[in-house]
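Enquirer: Turn this into a model:
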Amino acid sequence: MLTSKQRSYLRGLANKITAIFQIGKEGLNDNLAKQVWDALEARELVKISVLNNSLLDPKEVGQELADKVHAEVVQVIGNKFVLYKPSRETPQIVLPR
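Expert: Residues are numbered from 1 along each chain as shown. Reported below is the predicted structural model:
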């Protein structure tokens, strides 16, 4: 569980990154979850965009995807959300206490 200070720090880092995944009208599937899992293992912080043609709510999709890949939702703004998961091998992001 992230503290508010840690969440704030991660939001600052997330401002500088672009969305690397898009969720469309197909919604979530196992292939997307696997790709997000791999990206989180490599980057630890991932921004994902929910397209306008999708009928899904970004907050609900973000939480569902976070549950699938064992990550935490850092923030949801508009049609984008940010996930964080520390790498198992070599953590790159050092969170404040």
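Enquirer: In contact with the residue sitting nearest the centre point of the chain, which residues?
Expert: In the chain, the centroid-proximal residue (C-alpha atoms, centre = their mean) is Leu83; its distance is 2.0 Å. Counting by C-beta atoms under 8 Å, 6 or more residues apart in numbering, Leu83 makes contact with 36, 40, 45-46, 48, 62, 65-66, 69, 71-74. C-beta here means a position set from N, CA and C on the backbone, and glycine is covered the same way.
Enquirer: Select the longest helix from the protein.
Expert: Ranked by residue count and defined by DSSP state H, the top helix of the chain is helix 30-43.
Enquirer: Just the buried residues of that one, please?
Expert: 32, 36-37, 39-40, 43 (16 or more other C-beta atoms under 10 Å).
Enquirer: now do stretch 20-32
Expert: In stretch 20-32, counting by 16+ other C-beta under 10 Å, buried: 23, 32.
Enquirer: likewise stretch 2-19?
Expert: 6-7, 9-10, 14.
Enquirer: re the thing from before, which ones among the contacts of Leu83 lie within strands?
Expert: With DSSP state E as the criterion, strands contain 45-46, 48, 72-74 from among the contacts of Leu83.
Enquirer: That's all I had, so thanks and see you.
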